[in-house]
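Visitor: coordinates only, sequence not included:
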């Protein structure tokens, strides 16, 4: 790829929609002439030319935003014609389409014209409309709000699709005590950084993979937060037991995640998950009357057909958890499937996602948050669905970036928000567990700089 603009990374994102991680003879030139943007694009031996009026921009930032969108849209139109394909999200490549919709609503009062210009499909635009409606009463854009996040990087085993920085606790258990010592120190120091607390979320990894005493130390450090949404990602059914559920009740947890990913036993075995579908039913029965429940499924898993996915979704619907999140398979560096280059399927995934949307809607679920990732099968999205009044505040705040995130643990990312949440500054903790442990004093000091004003 060759371009004479500073938008090379943006163009690469558009190219990756059509040809991920493969080279393409793509040449791009851009100019502003007589009140018009001019883009000339050559793909292999075909030339495409686009000339569009430059819109009025209120300031330099808006001018740059308009220009970037025009470059990306021109590239998308050329690639779409060259390959004879349209993408469900058109020329939008960002992680948070709903955040873009909110920004456009603030700017012009209507996000739909922008989404139409960027060639977003009608179905995806309608999902965004439904999400914005579902977030009414929850969406509160305020620099003074905070969410508190704790990342526990241990799992009972590594799933084949997973690219998160997690450690198999059977091999890395020697680090648990030292990790919890460091985590306690970070949590206690972080409490003074929290402002108006919106939610607490302990995720991973699989926090309940910790031994019970270590898990209780984490809960005790976080403390009780009456009246606040408090979620623990129980995740793997094989790690859920009565002792840990009692601990969560005692410390005021209000919501847990039980994540089957699939109800197909053969797929679970292929993925390296140490539980069966029977375990899902057993553990769900243990939590359903004690906590609000989130449940995750993945569309596009290796070896799964459309019928397999539909059976899993129907099984989840029959259990009727408060939230169901449907993820589209995303293979990043670090996942076993990605490293083996053994699987990346698009066939049938769009139909799986569409079935989920229709089947969940029929029984009263509404989409309430959405995000996208690179290398997703079918260039689709992950969507969370909720029963009325059961939305997860943490998911809304995090995906829309409308609140500060005070984050603790290895690989946790803290976010401070400024200027009505329009400017975000981040601090990322080390991924490696021994590095995190050894640098905990430095981590505490850097986060204080971020949230107490020295880095602004």
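Guide: It's in. None of the values given here were measured: they were computed from a predicted structure.
Visitor: Wait, a strand at residue 407?
Guide: Yes - the assignment for residue 407 by DSSP: H, G, I helix; E, B strand; the rest coil puts it in a strand.
Visitor: who's it bridged to?
Guide: residue 149 (DSSP bridges).
Visitor: Kindly provide the distance from it to residue 363.
Guide: Per CB to CB, to the nearest Å, residue 407 is found 35 Å from residue 363. (Glycine included, C-beta is placed from N, CA and C.)
Visitor: okay, these two: which has more neighbours?
Guide: residue 407 (24 against 11; other CB atoms under 10 Å).
Visitor: my read: the more buried one touches residue 183, true?
Guide: No - look at residue 407 against residue 183 with CB atoms under 8 Å: they stay out of range, at 11.4 Å.
Visitor: From what I see, residue 131 and residue 97 are in contact.
Guide: No - at 9.0 Å, residue 131 and residue 97 do not qualify as touching, with contact defined as CB under 8 Å.
Visitor: which neighbours do these two share?
Guide: residue 370 (CB atoms under 8 Å, 6 or more residues apart in numbering).
Visitor: For residue 428, which residues are in contact?
Guide: 411, 412, 413, 414.
Visitor: pretty sure the third one contacts residue 427?
Guide: Yes - at 7.3 Å, residue 413 and residue 427 qualify as touching, with contact defined as CB under 8 Å.
Visitor: more crowded one of the two?
Guide: residue 427 (18 against 12).
Visitor: Look up phi and psi at that one.
Guide: Phi and psi for residue 427, reported as degrees, to the nearest 10, are phi -130, psi 120.
Visitor: Same question for the one 4 residues further on.
Guide: Backbone geometry at residue 431, expressed as degrees, to the nearest 10, gives phi -70, psi -40.
Visitor: how close does it get to residue 204?
Guide: Residue 431 is 13 Å from residue 204, by CB to CB.
Visitor: Neighbour count for these two, which is higher?
Guide: Using other CB under 10 Å as the criterion, residue 431 and residue 204 rank with residue 204 on top: 26 against 14.
Visitor: I'd guessed the more buried one sits against residue 179; true?
Guide: No - applying CB under 8 Å, one finds residue 204 not in contact with residue 179, separated by 11.6 Å.
Visitor: what sits in contact with each of the two?
Guide: Taking CB under 8 Å, 6+ apart as the contact rule, the neighbours common to residue 204 and residue 179 are 153, 154.
Visitor: Skipping adjacent residues, who's closest to residue 69 in space?
Guide: residue 118 (7.1 Å; CB to CB, 6 or more residues apart in numbering).
Visitor: and the one you found, backbone torsions?
Guide: phi -90, psi 10.
Visitor: Pairing partners for residue 37 in the sheet, please.
Guide: residue 32, residue 52.
Visitor: Quick one: residues contacting it.
Guide: 30, 31, 50, 51, 52, 53, 54, 67, 70, 71, 74.
Visitor: Kindly reformat those residues as a markdown table containing pLDDT and distance to residue 262.
Guide: Formatted as a markdown table, these follow (pLDDT from 0 to 100; distance: CB to CB, whole Å):
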| residue | pLDDT | distance to residue 262 |
| --- | --- | --- |
| 30 | 96 | 45 |
| 31 | 96 | 51 |
| 50 | 98 | 44 |
| 51 | 97 | 49 |
| 52 | 97 | 45 |
| 53 | 97 | 49 |
| 54 | 96 | 49 |
| 67 | 96 | 44 |
| 70 | 97 | 42 |
| 71 | 97 | 40 |
| 74 | 98 | 40 |
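Visitor: Selecting buried members of those residues in ChimeraX, what would you type?
Guide: Burial among the contacts of residue 37 is assessed by 16 or more other CB atoms under 10 Å; the matching ChimeraX selection reads:
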select :30,50,67,70,71,74
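Visitor: Out of the contacts of residue 37, which comes closest to residue 18?
Guide: residue 74 (14.2 Å; CB to CB).
Visitor: in stretch 401-414, what counts as buried?
Guide: Within stretch 401-414, judged by 16+ other CB under 10 Å, the buried ones are 401-412, 414.
Visitor: For those, give me TSV that also has distance to residue 8 and pLDDT.
Guide: Converted to TSV, the buried residues of stretch 401-414 look like this (distance: CB to CB, whole Å; pLDDT from 0 to 100):
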residue	distance to residue 8	pLDDT
401	25	97
402	31	97
403	33	97
404	32	98
405	30	98
406	35	98
407	31	98
408	36	98
409	34	97
410	32	95
411	28	93
412	31	96
414	29	98
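Visitor: Run through the helices of the stretch 1-150 of the chain in chain order.
Guide: Assigned by DSSP state H, counting those that start in this stretch, the helices in the stretch 1-150 of the chain fall at 8-18, 60-83, 97-108, 112-117, 122-134.
Visitor: Tell me where the model's unsure across this structure.
Guide: 21, 156-170, 331-347, 454-456 (pLDDT under 70).
Visitor: For the most centrally placed residue in it, give me its contacts.
Guide: Note on the chain: the residue nearest the mean C-alpha position is residue 371, at 5.4 Å, using CA atoms, centre = their mean. Applying CB under 8 Å, 6+ apart, one finds that residue 371 lies in contact with 95, 96, 381, 382, 399.
Visitor: Repeat that for residue 210.
Guide: 152, 154, 169, 176, 180, 218.
Visitor: So the fifth one sits against residue 216, correct?
Guide: To tie it back to what came earlier, the one meant is residue 180. No - with contact defined as CB under 8 Å, residue 180 and residue 216 do not form a contacting pair (9.9 Å).
Visitor: now the residue nearest to residue 69: how far from residue 93?
Guide: As judged by CB to CB, residue 118 and residue 93 stand 10 Å apart.
Visitor: With residue 8 instead?
Guide: 13 Å.
Visitor: Likewise for residue 248?
Guide: 39 Å.
Visitor: ok, now residue 3?
Guide: Residue 3 is 16 Å from residue 93, by CB to CB.
Visitor: Also residue 208?
Guide: 35 Å.
Visitor: Contacts only, for the closest residue to residue 400 other than its chain neighbours.
Guide: Closest residue to residue 400 apart from its sequence neighbours, by CB to CB, 6+ apart: residue 99 at 5.4 Å. When contacts are counted by CB under 8 Å, 6+ apart, residue 99 touches 399, 400, 401.
Visitor: Columns secondary structure and distance to residue 108 on top of these, output as a markdown table?
Guide: Output for the contacts of residue 99, formatted as a markdown table (DSSP: H, G, I helix; E, B strand; the rest coil; distance: CB to CB, whole Å):
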| residue | secondary structure | distance to residue 108 |
| --- | --- | --- |
| 399 | helix | 22 |
| 400 | helix | 18 |
| 401 | coil | 20 |
